[in-house]
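> got a sequence here, can you build the structure:
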Amino acid sequence: MNNSKVRVRFAPSPTGPLHMGGVRTALFNYLFAKKHGGDFILRIEDTDQTRFVPGAEEYIVESLNWCGLNPVEGPGTGGEFGPYRQSERKEIYKKYAGQLVESGWAYIAFDTPEEIDSLRKEAEEKKETFSYGIGTRESLNNSLKLSEEEVQKKIEAGENYVIRFKMPEDLDVTEDDIIRGQVTFNTTKSLDDKVLFKSDGMPTYHLANVVDDHLMKITHVIRGEEWLPSMPLHVLLYRALGWEETKPRFAHLPLILKPVGKGKLSKRDGDKMGFPVFPLKWTDPETGETFHGYREDGYFPEAFINLLALLGWNPGTEQEFFSLEELSEMFSLERVVKSGSRFDPEKAKWFNKHYFQQKTTPELAELFKPILKEKGVEAAGEKIERVVTEVKERCEFVSDLWEQGHYFFTAPTSFDEKTVKKRWKEDTPEKLLAIAELFKSIENWDTESIKESFSSFLNEKEWGFGVVMNPLRLCLVGGNMGPDLFAICEILGKEETISRIKSAIKAISN
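Below is the predicted model:
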């Protein structure tokens, strides 16, 4: 590996929304770059035009922005190694594909997809697996079998062809993976002749990836475990292109596993168990199907990032809450585990609650305002802050503020039946009307004064606290919930408190 500045890239394909596993890959690349004073690059790998989904690239960029993982180079950001979309680099790959054919590391193949399919079916009938490679290539329709003249004729006649890598026979390819240690693959046992250049004039992932990583001076390739089987081909491509001396170091990240059962986390698990697996909401442009996003479900980006960092990476301490800066200082690939990490949706909520509780009352009040507006509620900033102060402790998400404090803004129109049954006695209306009269006479309408007058009044009447407190709460909030009753009275104001007592008596008595 070249001993130059650390340069890493996150290289997603725009084939749909970015999965949280993809965001974690971006995060680990970003943290590694920051830790070593390096560059974090975004590259869009859109060579597979058949799987391209409109809007996916914009979604990827917006997701990274929301998470605070801003690349220093990439589409829309620029940089001296562009363009950063592979579809805009077609000519570059063609040159290197030709070079591989000339040097004997690759060959031209004319077999049609139909011909290959029928060879696969034949093999299946014999309970075998067909693979285009060491054992079969000499008998197929390619430049290894045909004469130069025949090849030329076919190309001139406009026949479709692909360029395949010529996998060396019985070679052990050994590479040191930063996370997994030494990994060895044998070419004959496990590798076929992969297509490097397609008939549509586009490279495949393998060629484009290696060429771009070399030309963009990438020093470390940090990617998901699913790319581990491709590593030997990529290593051999560096060798074939004469770039072995400067090839990057590899690190393959563990999978994120389902909360229960076996296998990796998928969007279906999220649908089934009611949690998001995407950073932002996504609507499929073809089917119109919509998937939840962490942002729209009310998670803070800090909570989302913190949660992802601890899926597969272990800080080696008891610390669980980290800012992006702290993560950048502490992160190392050596502390990434090999085995998959189980995702726990409850832990995600727990992280969000932590970051929610860390926010100041004015910050939360600002976040609460759009919800109130949506509900058609107009309220003074001071009142909103006061409500936030009272209910904040019970909340994990900004949306919980409405759930826990809606009655401060709208009078109850229905009353919890269980509480009515249990607490509403024959003489309750009479007692509550007496309290309403008492409230009229209180001059300083604040929590302490209301509490004091109320207690003296109850002692004088020799009424038990519970006998009146529960029905009173029922009148003001519609159920058996909420913070300190006298704080509720103060925030509602004298008029509203009295008015709610009277309305509730009417509604419940009827």
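
> any low-confidence regions in this structure?
1-3 (pLDDT under 70).

> quick one, strands of it?
7-10, 39-42, 106-109, 162-165, 172-177, 181-186, 195-197, 220-224, 249-253, 256-257, 282-283, 290-291, 341-342 (DSSP state E).

> these: which one's closest to residue 423?
strand 290-291 (42.9 Å; CB to CB). From N, CA and C alone the C-beta is placed, and that goes for glycine too.

> for that closest one, name the packing helices and strands.
helix 267-273, strand 282-283 (3 or more CB pairs under 8 Å, 6 or more residues apart in numbering; DSSP states H and E).

> now, of these, which is deepest in the fold?
strand 282-283 (a mean of 18; mean count of other CB atoms under 10 Å).

> how distant is that one from the center of its chain?
Put simply, strand 282-283 sits 13 Å off its chain's centre (CA atoms, centre = their mean, to the nearest Å).

> remind me what that strand packs against, helices and strands.
strand 290-291.

> quick one: strands adjacent to the strand it packs on?
Partners of strand 290-291 in the sheet, by DSSP bridges, are strand 282-283 (antiparallel).

> against residue 354, how distant is the residue lying closest to residue 187 once chain neighbours are set aside?
Among residues not flanking residue 187 along the chain, residue 171 sits closest, at 4.6 Å (CB to CB, 6 or more residues apart in numbering). Separation of residue 171 from residue 354 (CB to CB, to the nearest Å): 51 Å.

> quick check: the residue nearest to residue 187 vs residue 48, distance?
28 Å.

> residues near residue 177, how many?
Residues lying near residue 177 (other CB atoms under 10 Å) number 17.

> that one contacts residue 251, correct?
Yes - under the criterion of CB atoms under 8 Å, residue 177 makes contact with residue 251 at 6.3 Å.

> more neighbours, residue 171 and residue 48?
residue 48 (17 against 14).

> which residue sits closest to that one, ignoring its sequence neighbours?
residue 13 (6.6 Å).

> list the contacts for that neighbour?
Taking CB atoms under 8 Å, 6 or more residues apart in numbering, we find residue 13 in contact with 44, 45, 46, 48, 51, 205.

> quick one: end-to-end length of stretch 164-172, please.
20 Å (CA to CA, to the nearest Å).

> again, but for stretch 13-27
Span of stretch 13-27 from end to end, CA to CA: 17 Å.

> quick check: domain ranges of this structure?
Domain assignment for the chain by automatic domain parsing gives 7-75+209-255, 91-197, 267-358, 360-405, 411-510.

> how far off centre is the fourth one?
This means domain 360-405. Remark: domain 360-405 is offset 26 Å from the chain centroid, using CA atoms, centre = their mean.

> over to stretch 202-211?
Centroid displacement of stretch 202-211 relative to its chain, using CA atoms, centre = their mean, is 26 Å.

> cool, stretch 273-280 as well?
Taking CA atoms, centre = their mean, the mean C-alpha location of stretch 273-280 is offset from the chain mean by 8 Å.

> show me what contacts the closest residue in space to residue 186 that isn't next to it in sequence?
Leaving aside its chain neighbours, residue 186 sits nearest to residue 172 (5.5 Å; criterion: CB to CB, 6+ apart). With contacts defined as CB under 8 Å, 6+ apart, the neighbours of residue 172 are 184, 185, 186, 187.

> these two touch, right, the third one and residue 169?
No - at 10.0 Å, residue 186 and residue 169 do not qualify as touching, with contact defined as CB under 8 Å.

> could you give the bridge partners of residue 42?
residue 10.

> what is the burial count for it?
Quick note: residue 42 (other CB under 10 Å) scores 25 neighbours.

> could you measure from it over to residue 497?
56 Å.

> give the contact list for the residue nearest to residue 330 when sequence neighbours are not counted.
Spatial nearest neighbour of residue 330, chain neighbours left out: residue 315 (5.5 Å); criterion: CB to CB, 6+ apart. Residues near residue 315 by CB under 8 Å, 6+ apart: 322, 330, 335.

> could you pick out which of those residues are located in helices?
Those of those mapping onto helices are residue 330, per DSSP state H.

> what's the closest of the contacts of residue 315 to residue 102?
Each of those was scored against residue 102 by CB to CB, and residue 335 proved nearest at 44.3 Å.

> hmm, residue 310 and that closest one touching each other?
No - contact status for residue 335 versus residue 310: not in contact, 11.0 Å apart, counting by CB under 8 Å.

> more neighbours, the two?
Between residue 335 and residue 310, residue 310 has the larger neighbour count (other CB under 10 Å), namely 17 against 13.

> okay, now the residue nearest to residue 33 when sequence neighbours are not counted: neighbour count?
In this structure, residue 33 finds its nearest non-sequential neighbour in residue 40, 4.1 Å apart by CB to CB, 6+ apart. Neighbour count of residue 40, defined by other CB under 10 Å: 23.
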